[in-house]
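Chemist: Below is the sequence, then the predicted model.
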Amino acid sequence: MQSKRVAAYLLGQLSTLVFTGVVLFWSAGRLDWWAAWAAIAVWTVWFAALDWVVLRIQPGLLAERLSPPKDAKAWDRALLSSIRLVELARYIIAGLDQRSGWSENFPLAVQGVGLIAFLLGTALFAWAMACNPFFSQVVRIQTERGHAVVSTGPYRWVRHPGYLATIVTELSLSALLGSWWAILASAVLGILFILRTVLEDRTLQAELPGYRDYAGQVRGRLVPRI
């Protein structure tokens, strides 16, 4: 059973990677797009890092992330659907921009900064997951897994480092792909993730024992002390 779960988890990640590449190159109408290949390379490294975390450091997350119980908050399901649609639109917009030249002469330096920020964001995300055995894909109180407050690693400075990392990677990915219009789509994603952060934080303060005290000690949701 465990080996089947591992295979399903890895297959899901591979499918996501292939789907992303197909959408990018199909919408761009070309394969010789270095920025898209760079993005796929970083995604591959990210997935490998997450695989290491889930399979070696936090094995309890395998079942949770593969098929979380159906008790996620209704508002979270709606937000996740919106986020996935905007993410798909962002990839298509970036490809069409590459095909049509809407962001012609996009600064190479900005793409370079985007690549570096993308790498840093993925590293922060993996670190947050490695420190949090309750790092679910959906917002829910995992009572059956002994859900408790996590205050180690990056959680010493911000309450939601995973969301901070996600916002950084979303914005930096569009910069790497060299599209101002994709960056605009990523800004919409950033707003959606900030909203999700606020709503999840309220849920944790209301339903997770000890979280309200933790929030009083670590005041920043996404930015230290803010």
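Modeler: Done, it's in. Residues are numbered from 1 along each chain as shown.

Chemist: how near is residue 49 to residue 42?
Modeler: The gap separating residue 49 from residue 42 is 10 Å, by CB to CB, to the nearest Å. Any C-beta I mention is one placed from the backbone N, CA and C, and that applies to glycine too.

Chemist: now the protein, which segments are flagged as low pLDDT?
Modeler: 1-2, 68 (pLDDT under 70).

Chemist: OK, contacts around the residue with the shortest distance to the centre of it?
Modeler: Closest to where the C-alpha atoms of the chain average out (CA atoms, centre = their mean) is residue 166, at 4.0 Å. By CB atoms under 8 Å, 6 or more residues apart in numbering, residue 166 lies in contact with 121, 125, 193.

Chemist: tell me which element it is part of?
Modeler: Here residue 166, judged by DSSP states H and E, is contained in helix 161-176.

Chemist: roughly how far is that helix from the heart of the chain?
Modeler: Here helix 161-176 is found 7 Å from its chain centre; the criterion is CA atoms, centre = their mean, to the nearest Å.

Chemist: likewise stretch 109-129?
Modeler: 11 Å.

Chemist: residues making contact with that stretch?
Modeler: For stretch 109-129, using CB under 8 Å, 6+ apart, the contacting residues are 35, 38-39, 42, 45-46, 49-50, 53-54, 58, 61, 135, 153-155, 161-162, 164-166, 168-169, 171-178.

Chemist: Selecting buried members of the residues you listed in ChimeraX, what would you type?
Modeler: Here is the ChimeraX command that selects only those of those that count as buried (16 or more other CB atoms under 10 Å):
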select :35,38,39,42,46,49,50,53,54,58,61,135,154,155,161,162,164,165,166,168,169,171,172,173,174,175,176,177,178
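
Chemist: Relative to residue 87, how far out is the residue nearest to the centre of the chain?
Modeler: 11 Å.

Chemist: what's the answer for residue 6, then?
Modeler: 25 Å.

Chemist: what about residue 118, which helix or strand?
Modeler: Assigned by DSSP H and E, residue 118 belongs to helix 108-131.

Chemist: and residue 121, how many neighbours?
Modeler: 22 (other CB atoms under 10 Å).
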